[in-house]
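Engineer: structure here, sequence nowhere to be found:
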């Protein structure tokens, strides 16, 4: 806790870098600037060197990756957020003029909320529950923005080319040719960058493409590093007994030689955890709750093993159009625009899940697919290269799979590299979703659902499962501002409301599960042009 006049900074630390001396708040040399940070700054060494080149006699009090922020503020002021390569939410208090500055990472990997008290005070916190009883109004802090008390307004500092193309009038479409080597090397660099740690770490391994690629790269890298934690990567998976993910993850772990930890749960154990999950992840979105629950249960067991950081595969489906509904994209322009919409909404869905489900137990999840440089590379590729075309053997995420299809030195077994997409809530076991629906059916009456529009005027639940989650959310967060932080609208297999209009057959049949799309399984009955299942 740090207090200066009517300003207060409080921080509960999960120590990953410099556990011995990196306690927060962190300060500049004369302690006139203080900062509280949640996250990791991957380019902190380069930034520190830049600072020392300009100020050779400056001293740093810790080896924390986050201390550079206070020193950068002295020289660069409000440009500081744009200089950082990492995942972060932070607040700077400058006692020289009494100003404060808050910022969130470009995609919103770490969570952050902002609220306003009736006395005119401004509150910033990593969790909504810290604000709900103190603020008249509160909201999610927009990713890629900073807020300055000097202007009392938000400024977007993250303006990648794919955002500018999407926002142009008329919208533009990327046209960079696909180069598998460039894509592969960019992702390898993103994974290795996130292995920066002074504590034991591992990888979440579902056996699907995304997590398996992360594990493959990390496993190769750790074997070549002189790490105090050894040269064998820990991997973790959870599922119902006999689930697709458990079987696939076990095979990948065996191929890579990881120290694999397999956890199981029952449908009843998951249902029993739902209220705690909603209280931690702070949403009533159906897909997010379905996937967060097994991740929440797994994170508790990971922390019990002494692991405080994991690598995870979120973001790939948004960047490459990996969700099965992308089969219905009518053209390259619509395909590209939907990927941008999905990336921009990650902070409300998958990033929220990955961050809060793990941090509930003191575990940090890092997501290399959302690396800034990798996004610049992947989102610049002509979207026609990403589009699914069964006649040419091009399945979802074809260009990512092809980039790592190196038979002379395989990253993964071929049939894993070309395995069909399974959403996490499906892959842990299909009976998980079926069990949730059955439980909601028993808890919510037809009469309650019919009257839902009167109880929930906005984002009215369309199903009994949605109603069940919404009622639990309301018990934890009764404020209207809390409900307003959750997006709504029709969705098919995780699509945005815009893409849900791509196929007239989807109207009235919305379901966020990947099984809702007719191409699930049936699209891969015949071998593709590469000789592997498409």
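Structural biologist: Good, I have the coordinates. Just so we're clear, the structure is a prediction, and the values are computed from it rather than from any experiment.

Engineer: contacts only, for residue 352.
Structural biologist: 108, 111, 281, 282, 283, 288 (C-beta atoms under 8 Å, 6 or more residues apart in numbering). In this view, the C-beta of every residue, glycine as well, is placed from N, C-alpha and C.

Engineer: off-centre distance for the helix or strand harbouring it?
Structural biologist: Assessed by DSSP states H and E, residue 352 sits inside helix 350-359. Mean-position distance between helix 350-359 and its chain equals 7 Å (C-alpha atoms, centre = their mean, to the nearest Å).

Engineer: now do the buried residues in that helix.
Structural biologist: Across helix 350-359, burial judged by 16 or more other C-beta atoms under 10 Å covers 350, 351, 352, 353, 354, 355, 356, 357, 358, 359.

Engineer: hmm, the fifth one is touching residue 367, no?
Structural biologist: Yes: with contact defined as C-beta atoms under 8 Å, residue 354 and residue 367 form a contacting pair (6.4 Å).

Engineer: shared neighbours of these two, anything?
Structural biologist: 109, 312, 314.

Engineer: could you redo those residues as a markdown table and give each row pLDDT and distance to residue 473?
Structural biologist: Formatted as a markdown table, those follow (pLDDT from 0 to 100; distance: C-beta to C-beta, whole Å):
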| residue | pLDDT | distance to residue 473 |
| --- | --- | --- |
| 109 | 98 | 23 |
| 312 | 98 | 24 |
| 314 | 97 | 22 |
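
Engineer: return the members of the residues you listed classed as buried.
Structural biologist: By 16+ other C-beta under 10 Å, the shared contacts of residue 354 and residue 367 give 109, 312, 314 as buried.

Engineer: what's the burial count for residue 167?
Structural biologist: Around residue 167 there are 11 other residues, counting by other C-beta atoms under 10 Å.

Engineer: and it, what pLDDT?
Structural biologist: Residue 167 carries a pLDDT value of 98.

Engineer: could you do the one 10 residues further on as well?
Structural biologist: For residue 177, the pLDDT comes out at 98.

Engineer: contacting residues for it?
Structural biologist: Counted by C-beta under 8 Å, 6+ apart, residue 177 has contacts 381, 382, 385.

Engineer: wait, the first one touches residue 399, no?
Structural biologist: Yes: under the criterion of C-beta under 8 Å, residue 381 makes contact with residue 399 at 6.8 Å.

Engineer: can you check which residues contact both of those two?
Structural biologist: By C-beta under 8 Å, 6+ apart, the residues touching both residue 381 and residue 399 are 178, 183.

Engineer: what residues of stretch 126-134 count as buried?
Structural biologist: So, applying 16+ other C-beta under 10 Å, buried residues of stretch 126-134: 126, 127, 128, 130, 131, 132.

Engineer: which phi and psi does the second one have?
Structural biologist: It stands for residue 127. Torsion angles at residue 127 (phi, psi; degrees, to the nearest 10) stand at phi -130, psi 140.

Engineer: in a strand, residue 295, correct?
Structural biologist: No: with DSSP: H, G, I helix; E, B strand; the rest coil as the criterion, residue 295 is located in helix rather than a strand.

Engineer: how about the strands in the stretch 251-400 of the chain?
Structural biologist: 259-264, 309-311, 364-366 (DSSP state E, counting those that start in this stretch).

Engineer: out of those strands, which comes closest to residue 116?
Structural biologist: Smallest distance to residue 116 across the strands of the stretch 251-400 of the chain (C-beta to C-beta): 29.2 Å, for strand 364-366.

Engineer: what about residue 101, which SS state?
Structural biologist: strand.

Engineer: is it bridged to anything, and to what?
Structural biologist: With DSSP bridges as the criterion, residue 101 is bridged to residue 92, residue 148.

Engineer: could you pull up the contacting residues of residue 149?
Structural biologist: 99, 100, 101, 122.

Engineer: how about residue 41?
Structural biologist: 47, 65, 66, 68, 69, 84, 85, 86, 88.

Engineer: so which helix or strand of the chain has the lowest pLDDT on average?
Structural biologist: Across the helices and strands of the chain, the lowest-confidence element by mean pLDDT, DSSP states H and E is helix 424-427, at a mean of 56.

Engineer: which residues in the stretch 251-400 of the chain form helices?
Structural biologist: 267-281, 286-304, 316-320, 332-344, 350-359, 372-380, 398-403 (DSSP state H, counting those that start in this stretch).

Engineer: to residue 94, which of the ones you listed lies closest?
Structural biologist: helix 372-380 (26.2 Å).

Engineer: mind listing what's buried in the closest one?
Structural biologist: Within helix 372-380, the residues that count as buried by 16+ other C-beta under 10 Å are 372, 374, 375, 377, 378, 379, 380.

Engineer: do the same with stretch 333-345
Structural biologist: Within stretch 333-345, the residues that count as buried by 16+ other C-beta under 10 Å are 334, 335, 336, 337, 338, 339, 340, 341, 342, 343, 344, 345.

Engineer: over to stretch 58-75?
Structural biologist: 60, 62, 64-74.

Engineer: report the contact partners of residue 375.
Structural biologist: 107, 160, 162, 319, 343 are the contacts of residue 375 under C-beta under 8 Å, 6+ apart.

Engineer: at 7 Å what do you get?
Structural biologist: By C-beta atoms under 7 Å, 6 or more residues apart in numbering, the contact set of residue 375 is 160, 319.

Engineer: now it: how far from residue 196?
Structural biologist: Separation of residue 375 from residue 196 (C-beta to C-beta, to the nearest Å) stands at 19 Å.

Engineer: next: residue 311.
Structural biologist: 11 Å.

Engineer: compare the two and say which is more crowded by neighbours.
Structural biologist: Looking at residue 311 and residue 196 with other C-beta under 10 Å, you find the greater number of neighbours at residue 311, namely 24 against 18.

Engineer: the more buried one and residue 369 touch, don't they?
Structural biologist: No: Residue 311 is beyond contact range of residue 369, at 10.2 Å (criterion: C-beta atoms under 7 Å).
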